[in-house]
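S.K.: Everything below, folded, please.
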Amino acid sequence: MEFAGKLEKHWDMIFQQELIERLTLVIAASPQYKTLRAILTGKQKPEYATSKEELFFTLFKTWSTNPISTLTLCLLSRNYELAYRLIPRFTQIEMDTPKLIALGSLVQLIESPGFIHLRIELTRQDQHSKFLMKTLQGILMLLPLSKSFQSLKKRLQCINIAPFELGCEQADAEFFGERHELQGQMSLQNCLAIFDQKQQQVEEYMRMRLQEEQKRLDEAVLNKQPRYVEQSSTSAANTTQVATSQNMTQQFIFI
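M.R.: Prediction:
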């Protein structure tokens, strides 16, 4: 949690995004982080935070710099309603090639052992699982036609939405974990506001970075221009000098 707080204050947002993306892949797929995944899903109690909600909220504030990693964090921690409400915000984010590749990596993670709970929960009929279903459908619509698209499409086609519900046992929390209760400062609306604010900061940072790069390019062009003029002047002077010498030679021969 302390590391997440320091990373959030780092001035280079591009560094933040790249590091968060790598950390997300490691946390979601590495066997060494099985305990952390169990804490985020509510199967175990955290030892270094007062609650799983506090741990998630601390990570969410830092992770919001990277939209795909934020979405992955929500799915990993079973905050499906929050993930569902993040999907429309991707219409305001420039989905460039790196983001689409990261989104494809998320689909591959869904097929990994770390997301078994997510795949099993797709068979349920409760409101919690409906948010999950709509989130995955939203991811499918964000993806271009690719292998990741076909993989997720086949997964969603396997779900048989039957017109009845068998009910959920209370013991299911042992297998899937307890759901997050995001209230107060950690409420759903506050999380969405933090995400929007982070994305605005990233957009402003990228704009300023582009302006600085353009300024450096302009300065480089201006610095090269006097040298060109100086070389042109020198060449012109040398040409004049050669022409004068040739005239003098011609006059000498004529004499």
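S.K.: Report the buried residues of the helix or strand containing residue 120.
M.R.: Here residue 120, judged by DSSP states H and E, is contained in helix 116-121. Neighbour-count burial for helix 116-121, counted by 16 or more other Cβ atoms under 10 Å, picks out 117, 118, 121. For glycine as for every other residue, the C-beta is placed from the backbone atoms N, C-alpha and C.
S.K.: okay, whatever helix or strand comes next after that helix in PDB with CA atoms only?
M.R.: Scanning forward in sequence from helix 116-121 by DSSP H and E, the next helix or strand is helix 127-142. As requested, the backbone C-alpha atoms of helix 127-142 are provided in PDB (Å, rounded to 0.1, in the frame of the first residue of the first chain):
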ATOM      1  CA  GLN A 127     -27.500  -9.100 -10.300                       C
ATOM      2  CA  HIS A 128     -23.800  -9.300  -9.400                       C
ATOM      3  CA  SER A 129     -23.200 -11.700 -12.300                       C
ATOM      4  CA  LYS A 130     -25.300  -9.700 -14.700                       C
ATOM      5  CA  PHE A 131     -22.900  -6.800 -14.200                       C
ATOM      6  CA  LEU A 132     -20.000  -9.200 -15.100                       C
ATOM      7  CA  MET A 133     -21.800 -10.400 -18.200                       C
ATOM      8  CA  LYS A 134     -22.400  -6.800 -19.500                       C
ATOM      9  CA  THR A 135     -18.800  -5.800 -18.700                       C
ATOM     10  CA  LEU A 136     -17.500  -8.700 -20.800                       C
ATOM     11  CA  GLN A 137     -19.900  -7.800 -23.600                       C
ATOM     12  CA  GLY A 138     -18.600  -4.200 -23.400                       C
ATOM     13  CA  ILE A 139     -15.000  -5.500 -23.700                       C
ATOM     14  CA  LEU A 140     -16.000  -7.500 -26.700                       C
ATOM     15  CA  MET A 141     -17.400  -4.400 -28.400                       C
ATOM     16  CA  LEU A 142     -14.100  -2.500 -27.700                       C
END
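S.K.: picking up where we left off before, packing partners of the helix holding residue 120?
M.R.: On a contact count with 3 or more Cβ pairs under 8 Å, 6 or more residues apart in numbering; DSSP states H and E, helix 116-121 meets helix 127-142, helix 172-176.
S.K.: Of those helices, flag the one that's most buried.
M.R.: The highest mean neighbour count among the helices and strands packed on helix 116-121, using mean count of other Cβ atoms under 10 Å, belongs to helix 127-142: a mean of 17.
S.K.: can you list the residues that contact that helix?
M.R.: Here helix 127-142 makes contact (Cβ atoms under 8 Å, 6 or more residues apart in numbering) with 71, 75, 78, 80-81, 83-84, 87-88, 90, 95, 100, 103, 106-107, 110, 118, 121-123, 149, 152-153, 155-156, 159, 179.
S.K.: Among these, which lie within helices?
M.R.: When DSSP state H is applied, the contacts of helix 127-142 are split such that 71, 75, 80-81, 83-84, 100, 103, 106-107, 110, 118, 121, 149, 152-153, 155-156 fall in helices.
S.K.: Just the buried residues of those residues.
M.R.: 71, 75, 80-81, 83-84, 100, 103, 106-107, 110, 118, 121, 149, 152, 155.
S.K.: What is the most widely separated pair among those residues?
M.R.: 100 and 121 (25.8 Å; Cβ to Cβ).
S.K.: what's near enough to touch residue 209?
M.R.: Counting by Cβ under 8 Å, 6+ apart, residue 209 has contacts residue 14.
S.K.: now it: how far from residue 15?
M.R.: 12 Å (Cβ to Cβ, to the nearest Å).
S.K.: just residue 25 next, same as before
M.R.: 16 Å.
S.K.: Over to residue 198?
M.R.: In terms of Cβ to Cβ, residue 198 sits 15 Å off from residue 15.
S.K.: neighbour-wise, which of these two wins?
M.R.: Higher neighbour count among residue 198 and residue 15: residue 198, with 22 against 12, using other Cβ atoms under 10 Å.
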